[in-house]
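*Asks:* this one's sequence-less:
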């Protein structure tokens, strides 16, 4: 438990910054058109369709709409529990400020370690980039600028699974299936987030999916460290 109590499991969900390509400022439209030339487009989507389908994964053209965070704790009987809290907001600046407050006031920043699946390639840099865009000072635990590699305390369950192998991406869904962990994709998956957000106004639904991803990542983290899973009844979701 000593090794778990300072670990914060996180996950983010993102949407395109606007629903329609035409809503981008003219300068940014030109930049998307340039970027789109290098995006794999097997379905031959037009500019508007490609923007709606892919823009969310790029911090320059997307925004964070929900962040979920989970922390382990032990009860008086010694059982390990997982408590998950989520932040959701159409206003990205307000969302990021809330999350920053959690990081800076809820934990000892010198000991806190973040953990996410593919976090080093996606979640951590995306959060930092969007904080800069919104004029928010990056909290210490996320800011890796000018740090030596051994000073960066970020954890990544995908990296842990690779054991140094750099050849391929391994999805959270594949690893939860492999380790017989409950899937987080029972309702929607990441490819449907933009559609649910803009066409269904489904932020609550997306937030629930994000929470489930945190639970799945936390359970995977335990398995990768040869520890037992948290019992279903010991998982608490706080909205």
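*Replies:* Yes, it's here. It should be emphasised that the depicted structure is a prediction, and the values quoted were computed from it without experimental measurement.
*Asks:* From now on I want contacts and neighbour counts done on CA atoms only, so please keep to that.
*Replies:* Fine.
*Asks:* any idea where the helices of this structure begin and end?
*Replies:* Using DSSP state H, the helices found in the chain span residues 26-36, 47-54, 92-105, 123-133, 157-162, 172-178, 193-200, 203-224.
*Asks:* Output these as a markdown table; include the columns mean pLDDT, mean neighbour count and distance to residue 234.
*Replies:* Formatted as a markdown table, the helices of the chain follow (pLDDT from 0 to 100; neighbours: other CA atoms under 10 Å; distance: least, CA to CA, whole Å):
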| stretch | mean pLDDT | mean neighbour count | distance to residue 234 |
| --- | --- | --- | --- |
| helix 26-36 | 95 | 13 | 45 |
| helix 47-54 | 94 | 18 | 37 |
| helix 92-105 | 95 | 16 | 22 |
| helix 123-133 | 98 | 18 | 26 |
| helix 157-162 | 94 | 18 | 22 |
| helix 172-178 | 95 | 15 | 19 |
| helix 193-200 | 96 | 17 | 28 |
| helix 203-224 | 96 | 23 | 11 |
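*Asks:* To residue 66, which of the ones you listed lies closest?
*Replies:* Among those, helix 203-224 comes nearest to residue 66, with 5.9 Å by CA to CA.
*Asks:* Now stretch 60-77: buried residues?
*Replies:* Neighbour-count burial for stretch 60-77, counted by 16 or more other CA atoms under 10 Å, picks out 60-73.
*Asks:* ok, now stretch 116-123?
*Replies:* Buried, per 16+ other CA under 10 Å, within stretch 116-123: 116, 117, 118, 119, 120, 122, 123.
*Asks:* So what would you say the end-to-end distance of it is?
*Replies:* Terminal residues of stretch 116-123 lie 7 Å apart, using CA to CA, to the nearest Å.
*Asks:* quick one: which of the buried residues of stretch 116-123 is nearest to residue 56?
*Replies:* Nearest member of those to residue 56, counting by CA to CA, is residue 122, at 11.5 Å.
*Asks:* Please report phi then psi for that closest one.
*Replies:* phi -130, psi -70 (degrees, to the nearest 10).
*Asks:* can you redo the buried residues of stretch 60-77 as CSV with pLDDT and distance to residue 205?
*Replies:* What follows is the buried residues of stretch 60-77, written out as CSV (pLDDT from 0 to 100; distance: CA to CA, whole Å):
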residue, pLDDT, distance to residue 205
60, 98, 25
61, 98, 22
62, 98, 19
63, 98, 17
64, 98, 15
65, 98, 12
66, 97, 10
67, 98, 13
68, 97, 13
69, 97, 16
70, 96, 18
71, 95, 22
72, 95, 24
73, 91, 26
